[in-house]
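*Asks:* Let's see this in three dimensions:
(one chain, ligands or ions: 1)
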Amino acid sequence: MANLDMEQHSSENEEIKSKKRARDNAKILKQLAMEEEPENEVLIDEEPKKKKKKKKKDAKVKSEEEEDKVEEEEEKDGDKAVATTENGIMTNEAFELLGLSDNTFKSIKEMGFQRMTQIQAKAIPALLMGKDVLGAARTGSGKTLAFLIPAVELLYHVRFTPRNGTGVMVICPTRELAIQSYGVAKELLKYHSQTVGKLIGGENRKKETEILQKGVNLLVATPGRLLDHLQNTDGFVYKNLKFLVMDEADRILEQNFEEDMKKIIKLLPKTRQTSLFSATQTSKVEDLARVSLASPVYIDVDEGRKEVTNEGLEQGYIVVPSAKRLLFLLTFLKKFQGKKKIMVFFSTVKSTKFHTELCRYISIDCLEIRGGIDQSKRTATFFQFIKAETGILLCTNVAARGLDIPHVDWIVQYDPPDDPTEYIHRVGRTARGEGAKGKALLVLTPDELQFIQYLNAAKIPVYEHEFEEGKLLNAQEFLEKTVSENYALHQSAIEAYKTFISGYDSHSMKDVFNARQLDLKDVAASFGFTSPPKVPLKIDREGGYKSKREPVNKYNRDRGRGRGGRAGGKTKFERY
Ligand SMILES: Nc1ncnc2c1ncn2[C@@H]1O[C@H](COP(=O)(O)OP(=O)(O)OP(=O)(O)O)[C@@H](O)[C@H]1O
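*Replies:* Numbers count the residues shown, from 1 in each chain. Below is the predicted model:
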């Protein structure tokens, strides 16, 4: 009888405990879903440390009202400065001065542009004269029009018709960038008779073949699909090619595109104009320029600038212990959900997938762009995020280059970039165009802090945000329970954890990002595990592992040029 009593008592206890657990979970879920604000709302100073200090000092001598006025004026001055200082992207030169065809000029006017950006003012006249150009200018400074305007003018003046086939080819490293550049080309050709088309991986090959056979005068393409059509599509006329553009040339010449690019260039007519553009250059771009461009014009509008990133960009970093990373991310997203437009970068496809699934599971609304998703879905997501006023996009580096998404408030680099070059392109998704502003946040663990020195050496100014553990959501236990009890999420977390570690191990800057220094228990905690899952990890903890990526000294060599180089390479997991 006594035993029975005890059993009954303990099962009652269990029931009470489980009810309490359920209540706690519901509370956390509610917090995460924003129905209830956490006690301590402010997670991150919207202004990094240095600037905040200055403001405090000023506040001692000025009344709040006076300070508001000063701030307003400073803001106005800042806007003016972007438009008129030497460091700004704009010139006072009007497009009218270029003597363009009426139809091209009409389109530019309809796009709302009157004055040229610096890269446009320098590159367009040279390209119109038929010169080869190697063009460098910071992210978001109008490089697309710098090569597309001369491309359209050339097609018009040579009077290309569909029967002549392709006269201009623009090669882009990612599908979304190709879609975007195709859109700009289409706008520019609106009043012309010349045709425009795109070839991108993941789209219907047969449809592309039909379009090519009809004749595409201006073709925008990604390398793999372009090579496929060059080799296999009857009726694709490219013997009349007059102008080849490589956008994001340094990326296109990295290891995983290099072979395709060599084959493409071999197949194309040799007598043509060629031009390479990017915000960052590597020795490979310069080598290619030397061997394949005919007395090229080198244009680097930002040479000698104190900073390589945009004036309107406020860049910060925060040092978060490895085990707290996930909590930090979720607290950050929760704070800004529905209020800001945010892009979060991850190092691998599987990690992006897991974090998207987890966010959605706990009612943080988000979109994702990464490899392994059907292209039509990827394209729809891309346009959805372009149109959105606020929202969260989780992505791999597939979204790091070239994408022109309006009004992004925050770029969060949750997983660190491979090097300063990758950093520059990622943060370049905000503060784009004339006078634009944006914020960037780099999340580092205490072991990775040395990366800041590399950023400073590459002329990238970053300020520290203070990390305050007490302001994180108190949800670790809840997350661990969620991941362990949900089979699909659990499997996804394992894949994410595995690829995060192999991704980390393939880092080119091994003196900063060393997989052998990772505390696997802490890493596991940031994927919602109580202890590291028992999975085979392809890293040699003793030090015998050889990464396929080039080592860090490759980067050091390029660093002196002030434009970061990066080591590319195929790895055992999918980065994009
Ligand atoms: N002359 C101009 N005046 C005002 N805005 C412009 C002008 N030219 C381009 N822009 C705008 O500036 C933004 C950035 O242009 P674009 O996408 O060409 O940048 P980019 O230099 O190619 O950047 P990235 O290096 O990131 O690829 C776009 O929104 C574009 O419409």
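*Asks:* contacts, neighbours, all on C-alpha from now
*Replies:* Fine.
*Asks:* Contact partners for K131?
*Replies:* Applying C-alpha atoms under 8 Å, 6 or more residues apart in numbering, one finds that K131 lies in contact with 273, 294-297.
*Asks:* For the chain, give me the ranges with low pLDDT.
*Replies:* 1-14, 16-43, 45-87, 538-573 (pLDDT under 70).
*Asks:* Enumerate the residues of it near the ligand.
*Replies:* 113, 115-117, 138-145, 278-279, 401-402, 404, 428, 432-434 (C-alpha under 6 Å from any ligand atom).
*Asks:* which pair in the contacts of K131 spans the largest distance?
*Replies:* The most widely separated members of those, counting by C-alpha to C-alpha, are Q273 and V297 (11.8 Å).
*Asks:* shared neighbours, the two?
*Replies:* Residues touching both Q273 and V297 by C-alpha under 8 Å, 6+ apart: 131-132.
*Asks:* M169 - how many residues pack around it?
*Replies:* 24 (other C-alpha atoms under 10 Å).
*Asks:* Give me the three-state assignment for it.
*Replies:* Assigned by DSSP: H, G, I helix; E, B strand; the rest coil, the conformation of M169 is strand.
*Asks:* mind listing what the closest residue to the ligand within the stretch 251-400 of the chain touches?
*Replies:* Nearest residue of the stretch 251-400 of the chain to the ligand, counting by C-alpha to the nearest ligand atom: A279, 4.9 Å away. Residues counted as contacts of A279 (C-alpha under 8 Å, 6+ apart) are 136-139, 248, 425.
*Asks:* Just the ones in strands from those residues, please.
*Replies:* Secondary structure defined by DSSP state E assigns A136 of the contacts of A279 to strands.
*Asks:* Out of the contacts of A279, the closest to the ligand would be?
*Replies:* Nearest member of these to the ligand, counting by C-alpha to the nearest ligand atom, is T139, at 3.3 Å.
*Asks:* How about the contacts made by the closest one?
*Replies:* For T139, the contact set (C-alpha under 8 Å, 6+ apart) comprises 279, 309-310, 402, 424-425, 428-429, 432.
*Asks:* ranges for the helices of the stretch 301-450 of the chain?
*Replies:* Using DSSP state H, counting those that start in this stretch, the helices of the stretch 301-450 of the chain run over 325-336, 349-361, 375-387, 420-427.
*Asks:* of all those, which gets the most neighbours per residue?
*Replies:* helix 420-427 (a mean of 24; mean count of other C-alpha atoms under 10 Å).
*Asks:* Could you pull up the residues touching the spatially most central residue of the chain?
*Replies:* Nearest to the mean C-alpha position of the chain, counting by C-alpha atoms, centre = their mean, stands A400 at 1.9 Å. With contact taken as C-alpha under 8 Å, 6+ apart, A400 is in contact with 422, 425-426, 428-429.
*Asks:* nearest to the ligand, of the residues you listed?
*Replies:* Nearest member of those to the ligand, counting by C-alpha to the nearest ligand atom, is G428, at 5.5 Å.
*Asks:* Tell me how many other residues surround the closest one.
*Replies:* Count around G428 with other C-alpha under 10 Å applied: 26.
*Asks:* can I assume it is in contact with S278?
*Replies:* No. Checked against C-alpha atoms under 8 Å, the pair G428 and S278 is beyond contact range at 11.9 Å.
*Asks:* Overlap of the contact sets of these two?
*Replies:* Common contacts of G428 and S278 (C-alpha under 8 Å, 6+ apart): none found.
*Asks:* returning to what we had before: make a PyMOL selection of whichever of the contacts of K131 turn out to be buried.
*Replies:* In PyMOL, this line selects whichever of the contacts of K131 come out buried by 16 or more other C-alpha atoms under 10 Å:
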select buried, resi 273+296+297
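*Asks:* taking the contacts of K131 one by one, which sit in helices?
*Replies:* Of the contacts of K131, none are assigned to helices by DSSP state H.
*Asks:* Make a markdown table out of the contacts of K131 and add distance to T331.
*Replies:* Shown next, in a markdown table, are the contacts of K131 (distance: C-alpha to C-alpha, whole Å):
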| residue | distance to T331 |
| --- | --- |
| Q273 | 51 |
| A294 | 54 |
| S295 | 54 |
| P296 | 50 |
| V297 | 49 |
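*Asks:* Among the contacts of K131, name the ones in strands.
*Replies:* Reading strands off the contacts of K131 with DSSP E, I get 273, 297.
*Asks:* Chain neighbours aside, what residue packs nearest to A221?
*Replies:* Among residues not flanking A221 along the chain, L199 sits closest, at 4.6 Å (C-alpha to C-alpha, 6 or more residues apart in numbering).
*Asks:* I'd say that neighbour and T209 touch.
*Replies:* No. In this structure L199 lies outside contact range of T209 using C-alpha under 8 Å: 9.2 Å.
*Asks:* who's more crowded, the two?
*Replies:* Neighbour count, other C-alpha under 10 Å: between L199 and T209, L199 has more, with 29 against 18.
*Asks:* That one and the ligand, how far apart?
*Replies:* 19 Å (C-alpha to the nearest ligand atom, to the nearest Å).
*Asks:* So what does that residue look like in phi/psi?
*Replies:* phi -130, psi 110 (degrees, to the nearest 10).
*Asks:* Distance check, K266 against G435.
*Replies:* Here K266 is placed at a distance of 42 Å from G435 (C-alpha to C-alpha, to the nearest Å).
*Asks:* Who has more neighbours out of those two?
*Replies:* Higher neighbour count among K266 and G435: G435, with 19 against 10, using other C-alpha under 10 Å.
*Asks:* which residues touch L155?
*Replies:* Here L155 is in contact with 167-168, 194, 217 (C-alpha under 8 Å, 6+ apart).
*Asks:* how does it look with 10 Å?
*Replies:* 161, 166-168, 189, 192-195, 217-218, 242-243 (C-alpha atoms under 10 Å, 6 or more residues apart in numbering).
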